[in-house]
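J.: here you go, sequence then predicted model.
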Amino acid sequence: MPEGDVLRLTAERLEQALRGAPLVRAELRWPSAAGADLTGRTVVSCVAYGKHLLTRFDDGRTLHTHLRMDGSWRVERTGDRAAAAHRPEVRAVLATARWTAVGWRLGMLDLGRTHDEAHLLGHLGPDVLGDDFPGDGIDEGVRRLGEQGHRPLCDVLLDQRVVAGLGTIWMAETLHALAVHPWTPTGTLDDAALRRLLSTARRLMGRSVDVGRARGLQHVPRAVHGQLGRPCRRCRTPIAVGQANEPPYERPVFWCPTCQATHRTDSVG
């Protein structure tokens with residue numbers, strides 16, 4: 001599932017393509033929004049919050065989309081063959097005279113009032129990549145983490161109600177960067193350790209966004225995620241894979257059995 005860094009890059013690309021020009025074509029191929037007419041409306045901003053995307057229009061409405069596992073937004077030049085977007089996998093089309101944004105395999109789509117965005121996303125924790133995260137956001141994240149008791153860190157970091165934007169990639173990369181055992185009970189870490197954990201996650205994800213902006217890439221090389229059996233960069237131990245969460249919500253956890261052994265957990269502090 002695309003994570004917060006990919007959503008941030010997607011939002012920036014959509015805003016660059018659509019902002020400030022009236023839509024000449026707008027199709028929402030979703031039962032609850034199929035009758036909506038956005039033609040002639042202008043996109044005023046496109047922002048990401050965690051794994052959610054908010055496209056705001058000049059009439060006070062917001063298109064809320066979520067990519068789930070397989071979704072994506074692609075930008076094509078209007079008039080090109082790819083911009084025709086006739087495939088059944090297409091869930092949304094927003095086009096200006098110059099650019100066409102095509103939403104493929106979107107997992108969620110809602111059209112509502114911009115005024116109601118806070119209610120729509122109110123169940124989420126603070127966005128790790130949010131502008132306020134170095135201040136109030138990280139304070140709130142530490143508070144929510146501190147309430148998780150004996151839930152394993154790998155489970156908690158995937159819980160969007162605690163902090164928003166992390167998925168299996170940045171959960172694993174963050175825990176490996178700090179040499180933390182993924183199944184450490186969250187409640188055993190003090191506030192300073194939890195703050196360092198969230199600061200590291202933000203730094204790693206922010207670097208991925210910076211690389212994406214500079215090179216047109218959506219990821220940087222991974223230290224552990226997807227590296228099963230390859231040697232750890234620090235100790236050369238083969239990378240292993242475990243599990244976060246219980247079925248049917250289980251997710252893979254890539255980790256180093258040596259660097260992230262249970263007895264090394266205190267390194268996060």
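T.: Okay, I see it.
J.: may I have the phi/psi pair for R234?
T.: When read as degrees, to the nearest 10, the backbone of R234 gives phi -90, psi -50.
J.: burial count for it?
T.: 14 (other C-beta atoms under 10 Å). The C-beta positions use only the backbone N, C-alpha and C, and glycine is treated the same way.
J.: check A36 too.
T.: So A36, with other C-beta under 10 Å, has 15 neighbours.
J.: can you report how many residues neighbour G216?
T.: By the criterion of other C-beta under 10 Å, G216 has 9 neighbours.
J.: run a quick neighbour tally on the closest residue to G107 other than its chain neighbours.
T.: Closest residue to G107 apart from its sequence neighbours, by C-beta to C-beta, 6 or more residues apart in numbering: R68 at 2.4 Å. By other C-beta under 10 Å, 13 other residues sit near R68.
J.: can you check L14 too?
T.: 25.
J.: now the helix or strand encompassing it, how far from the centre of its chain.
T.: Using DSSP states H and E, L14 sits in helix 4-18. A distance of 11 Å separates the centroid of the chain from that of helix 4-18, by C-alpha atoms, centre = their mean, to the nearest Å.
J.: ok, longest helix in this structure?
T.: Longest helix in the chain, counting residues (DSSP state H): helix 191-215.
J.: mind giving me the packing neighbours of that helix?
T.: Helix 191-215 is packed against helix 4-18, helix 138-146, helix 153-157, helix 168-177, with contacts defined by 3 or more C-beta pairs under 8 Å, 6 or more residues apart in numbering; DSSP states H and E.
J.: list the strands paired with the helix or strand following it, with their directions.
T.: Where DSSP H and E defines the elements, the next helix or strand beyond helix 191-215 is strand 240-244. When pairs are called by DSSP bridges, strand 240-244 turns out to pair with strand 251-255 (antiparallel).
J.: which residues touch the strand it pairs with?
T.: Contact with strand 251-255 is made by 154, 158, 167-168, 171-172, 175-176, 181-182, 224-228, 239-245, as judged by C-beta atoms under 8 Å, 6 or more residues apart in numbering.
J.: packing partners of the lowest-mean-pLDDT helix or strand in the chain?
T.: Across the helices and strands of the chain, mean confidence by mean pLDDT, DSSP states H and E is lowest for helix 117-120: a mean of 92. Other elements packing on helix 117-120 under the criterion 3+ C-beta pairs under 8 Å, 6+ apart are strand 61-66.
J.: what is the strand it packs on packed up against?
T.: Using 3+ C-beta pairs under 8 Å, 6+ apart, the elements in contact with strand 61-66 are strand 52-57, strand 90-95, strand 108-113, helix 117-120.
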